[in-house]
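>>> Just the structure for this:
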Amino acid sequence: MSAIPKSQEMFTLDEYFALEASSDERHEYYRGEVFAMSSGSANHNRITGNVYLALRNALGNRPCEAFVTDMRLLVKRRQLYTYPDVMVVCGQLEFAYQRSDLIANPTVIFEVLSPSTENYDRGKKFNYFYRTIESLQEYVLIDQERILVEHLRRSDERNWQLAVLDDISDTLTLPSVDVSIPLAEIYHRVEW
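Numbering: from 1, shown residues only. Sure thing, here's the model as predicted:
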């Protein structure tokens, strides 16, 4: 993440929401600071779309729903406002601040790794922020430059299990939503 300048002032939450409403770019908000989010490449877009489509089709009429890119997430315990690439929410949507674009209860989060955000997505974003979301059961990191999917699954309140998938014939299985997605589907049309 890279901060956008605004003299020495910090942004209020209302100023952040106003910025987002008038901006063509998306921004994270954390403790008064606003950070421009990197734009996606064609491969990033393909992977995000492939994951969303696979989830939407697999979830069908079940009580879980997939959301893509423009749906904002509030990490309540840390007060981070961000935009995961794809989220799945099961049951009733929990909107924050009576906003229909701000969800607080994801079950699964997907992030497609970019060179500029890879360390943040693997490190602080998961360890400090996402792990504190009580509803979150699974976190999936997808590399856009090679076949590599890292799947973290909550095993108890404090521990997560990691599975690494790195063969195009592998299948990502998401027990919390009872969905399996072949990596060939995730990486469909991706150009190396």
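>>> got any ranges where this protein has weak pLDDT?
1-8 (pLDDT under 70).
>>> Geometric centre of it: which residue is closest?
Nearest residue to the geometric centre of the chain (CA atoms, centre = their mean): P84, 2.4 Å.
>>> Please identify the helix or strand for the nearest residue to it once chain neighbours are set aside.
Closest residue in space to P84, ignoring its immediate chain neighbours: I109 at 4.7 Å, by CB to CB, 6 or more residues apart in numbering. Using the backbone N, CA and C atoms, a C-beta is placed for each residue, glycine as well. Using DSSP states H and E, I109 falls within strand 108-113.
>>> For I47, see how far away L93 is.
24 Å (CB to CB, to the nearest Å).
>>> Neighbour count: those two, which is higher?
Set L93 next to I47 and count neighbours by other CB atoms under 10 Å: I47 wins out with 26 against 14.
>>> quick one, what contacts that one?
Residues near I47 by CB atoms under 8 Å, 6 or more residues apart in numbering: 112, 142, 144, 186-187, 190.
>>> cool, E94 as well?
103-105, 135.
>>> what about 10 Å?
Shown in contact with E94 (CB atoms under 10 Å, 6 or more residues apart in numbering): 74, 76, 102-106, 135.
>>> what do you get for E118?
Contacts of E118 by CB under 10 Å, 6+ apart are 111-112, 141, 143-145.
>>> before we move on, the earlier item: for the strand holding I109, which helices and strands make contact with it?
Here strand 108-113 touches helix 42-59, strand 64-68, strand 86-90, helix 118-122, strand 138-143, strand 149-154, strand 171-174, going by 3 or more CB pairs under 10 Å, 6 or more residues apart in numbering; DSSP states H and E.
>>> Give the burial count for the closest residue in space to M37 that isn't next to it in sequence, as a bare number.
Leaving aside its sequence neighbours, M37 sits nearest to R26 (CB to CB, 6+ apart; 4.7 Å). R26 has 16 neighbours, counted by other CB under 10 Å.
>>> Also N119?
Around N119 there are 11 residues (other CB under 10 Å).
>>> cool, and N57?
Count around N57 with other CB under 10 Å applied: 12.
>>> need the contact list for it.
Counting by CB under 10 Å, 6+ apart, N57 has contacts 66, 179, 181, 185.
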